[in-house]
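Undergrad: pasting the structure only:
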C-alpha cells in the first residue's frame, strides 16, 4: 500500500509505502496516515466497482482503508472559494 | 637578449594577473550572488516553468490511473470531464451532471436540455504552500474534485459556494463545451462501432 499526497508545484509525493500484513510497516503506514489527517487533509481510496466503474471513497481512519487497497490519496480539504476570474 | 625579454614578459604577465585578480574575483562573486538571488526570487514567487510542467505530468498520470478510460480520454481531448450527479450513472437514471474544469467552478447542468443549473466554487488550497503557491497542479485539482464528487457529492456541494451560472465561467463557453462533448461522444461511439468486427 502506498500513501500519496497531492502537492502544489510537485504532483503527488509518496508519504509511506509498505505491506499492511507486516506489523512494523503497518505501524508506519498508520502513523503517516494519522499525521496527514491531523494536518487537515482528506483521504480517499480509488476503487473499482464490480461493473468496472471507477470511484473513490473517503476514509477517515486507517481501519476504513480496504486491506487490499493499493493507494490512499491525501489532498487538501475543500474550501468554498472564488478563485480569480477564469473567463 | 631574448632571455631577458622573455623574463620581462613573464614578470609583466604575472603583475597584470595580480592586478586583475581582485577584480575578476569580485566579478565572479557578484555573478554568483546574482544567480543565487535570482534562484531565491524564483523560489519565493513559486513559479518555475520546468517544475510546474513536471508536476502537471505527474498529476496527469495519477488522474489517468484513477478514472475510467472514457473519463480520461474526455479530459485529454476536451480539457474537462463530466461526472454524473447523484452518484449514479446514466443507466441508473442520473438526471443531472457536472462539468469539472481545472481551477474553475464545477458546473451543474441538465444533460437532456443542456440547461445550466449552478456553479459550485470550490478549491483545495494547500496552506503549507510548499513552492510558494497553494494551488495544486491542474490535473490534481480535477482529480481532487472527481474524488470528492465520487466519494461524497453532497458533502462537497455543501462545502462549495453556489452561484448562478455565469458568475465565473462564461455560460456561452460552457454551452460550447457541451456541444464539443456531444460531438466527441458521437465520434467515439462511431469509432467504437467501426472497430467491432462484423458477424
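TA: Cool, the structure landed. Not measured: the values here are computed from a predicted model.

Undergrad: low pLDDT regions in the chain?
TA: Looking at chain A here, since you left the chain open. Filtered on pLDDT under 70, chain A yields the residue ranges A:82-87.

Undergrad: wrong one, I was asking about chain B
TA: Counting by pLDDT under 70, the ranges of chain B that qualify are B:36-47, B:87-94, B:197-199.

Undergrad: Report the central residue of it.
TA: residue B:138 (2.7 Å; C-alpha atoms, centre = their mean).

Undergrad: can you check chain A too?
TA: Chain A has residue A:73 as the residue nearest its centroid, 2.4 Å off, counting by C-alpha atoms, centre = their mean.

Undergrad: wait, is that residue part of a strand?
TA: Yes: counting by DSSP: H, G, I helix; E, B strand; the rest coil, residue A:73 falls inside a strand.

Undergrad: which bits of chain A sit near chain B?
TA: When proximity is defined as C-beta under 8 Å from any C-beta of the partner chain, chain A approaches chain B at A:4, A:6-12, A:42, A:44, A:46, A:52-58, A:73, A:75-83, A:85-87. The way it works is simple: take the backbone N, C-alpha and C, and place the C-beta from them, glycine included.

Undergrad: these two touch, right, the residue nearest to the centre of chain A and residue A:36?
TA: No: here residue A:73 does not reach residue A:36: they are 10.2 Å apart, not a contact under C-beta atoms under 8 Å.

Undergrad: still on that earlier bit, drop anything exposed from the residues of chain A next to chain B.
TA: Among these, the ones that count as buried by 16 or more other C-beta atoms under 10 Å in any protein chain shown are A:4, A:6-12, A:42, A:44, A:46, A:54-57, A:73, A:75-76, A:78.

Undergrad: I'd like to know which of these are part of strands.
TA: Secondary structure from DSSP state E places A:4, A:6-7, A:11-12, A:42, A:44, A:46, A:54-57, A:73, A:75-76 of these in strands.

Undergrad: Of all pairs in the residues you listed, which one is the farthest apart?
TA: By the measure C-beta to C-beta, A:7 and A:55 form the most distant pair in these, at 23.4 Å.

Undergrad: burial of residue B:54, as a residue count?
TA: When neighbours are counted by other C-beta atoms under 10 Å in any protein chain shown, residue B:54 registers 15.

Undergrad: I'd say residue B:98 and residue B:86 touch.
TA: No: the pair residue B:98 / residue B:86 is not scored as a contact, 10.5 Å apart, by C-beta under 8 Å.

Undergrad: show me what contacts the residue nearest to the centre of chain B?
TA: Counting by C-beta atoms under 8 Å, 6 or more residues apart in numbering or on different chains, residue B:138 touches B:56, B:59, B:102-103.

Undergrad: with those in mind, which one is nearest to chain A?
TA: Proximity of the contacts of residue B:138 to chain A (C-beta to the nearest C-beta) peaks at residue B:59, which lies at 4.7 Å.

Undergrad: Please report how far that closest one lies from residue B:33.
TA: Separation of residue B:59 from residue B:33 (C-beta to C-beta, to the nearest Å) stands at 35 Å.

Undergrad: Please compare the two by neighbour count and tell me which comes out ahead.
TA: Higher neighbour count among residue B:59 and residue B:33: residue B:59, with 24 against 10, using other C-beta under 10 Å.

Undergrad: Assign the more buried one to one of the three secondary structure states.
TA: helix.

Undergrad: number of nearby residues for residue B:49?
TA: Residues near residue B:49, counting by other C-beta under 10 Å, number 8.

Undergrad: now swap in residue B:184 and tell me
TA: The number of residues near residue B:184, taken as other C-beta under 10 Å, comes to 15.

Undergrad: And it, which helix or strand is it part of?
TA: Element membership of residue B:184 [criterion: DSSP states H and E] is helix B:171-195.

Undergrad: Show me how far that helix is from its chain's centre.
TA: Distance of helix B:171-195 from its chain centroid, counting by C-alpha atoms, centre = their mean, to the nearest Å, is 23 Å.

Undergrad: May I see the buried residues of it?
TA: Residues B:174, B:177-178, B:181 are the ones in helix B:171-195 that count as buried (16+ other C-beta under 10 Å).
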